[in-house]
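Enquirer: Got a sequence here, can you model it:
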Amino acid sequence: MIGGDKDTVARAEQVITPMAGRIVHTGGPGMGQSAKIVNNMMLFINLEACAEGSVLAERLGLDPRVFWDIASVSSGDSWALRTWYPVPDIVPSAAANNNFESTFSAVLAAKDVGLALSAGEQTGVDLPAAELAAQRFPRLIDEGYGDLDCSLIVKYAAPDGKVQGWNPDEV
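Expert: Reported below is the predicted structural model:
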């Protein structure tokens, strides 16, 4: 996601191409940042849904793999579900496989969703789902888990804070 005039973007692409899987020219200056803010806001809303859904499915007695197999090919699907699902041994890239060692820290998530909420205020857009997601990350930070993965918000969906893959004694 890169913003700027065509000549500037063309020059920047020469440097960025070796690091990027795909480059999207988003418009004028600042539009790349705008796209990142909105995209990450949507990610964190989806992550909150994955956190709540994974705990509810488990508490209802569903096998975590079976539930993930269903959700990943139906209306519950999202990038967060396929990449960061907060249950161990379901997706290889999930932080839940490694006691929530950071792939994307709670501190960074709090910053990004905060930027989205600020943009919503500036533009008059009501963002209640983003506000809900935003409440989770400061809690992790306040508990001393800001450097851990943002998907650890899953622990707030569990009434006792205990979820598979999370052992606070090993942090």
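Enquirer: now the strands for this structure?
Expert: 2-3, 25-27 (DSSP state E).
Enquirer: what's in contact with the shortest one?
Expert: With CB atoms under 8 Å, 6 or more residues apart in numbering as the contact definition, strand 2-3 has outside contacts at 9, 12-13, 16, 23-35. Using the backbone N, CA and C atoms, a C-beta is placed for each residue, glycine as well.
Enquirer: What's the PyMOL syntax to select whichever of those residues are buried?
Expert: In PyMOL, this line selects whichever of those come out buried by 16 or more other CB atoms under 10 Å:
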select buried, resi 9+12+25+26+27+31+32+34+35
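Enquirer: Distance check, Pro86 against Pro128.
Expert: From Pro86 across to Pro128, the span is 22 Å (CB to CB, to the nearest Å).
Enquirer: rewinding a little: can I get the strands of the chain in a markdown table including mean pLDDT and distance to Leu132?
Expert: Listed next are these as a markdown table, based on pLDDT from 0 to 100; distance: least, CB to CB, whole Å:
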| stretch | mean pLDDT | distance to Leu132 |
| --- | --- | --- |
| strand 2-3 | 92 | 29 |
| strand 25-27 | 93 | 27 |
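Enquirer: Arrange these in TSV, one row each, with distance to Gly61 as further columns.
Expert: Output for the strands of the chain, formatted as TSV (distance: least, CB to CB, whole Å):
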stretch	distance to Gly61
strand 2-3	47
strand 25-27	45
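Enquirer: What are the boundaries of the helices in the chain?
Expert: 6-16, 31-59, 64-71, 79-84, 106-123, 128-142 (DSSP state H).
Enquirer: Val91 and Trp79 touch, don't they?
Expert: No - using CB atoms under 8 Å, Val91 makes no contact with Trp79, being 11.0 Å away.
Enquirer: Looking at these two, which is more packed in?
Expert: Shown here are Val91 and Trp79; by other CB atoms under 10 Å, Val91 has more neighbours (17 against 12).
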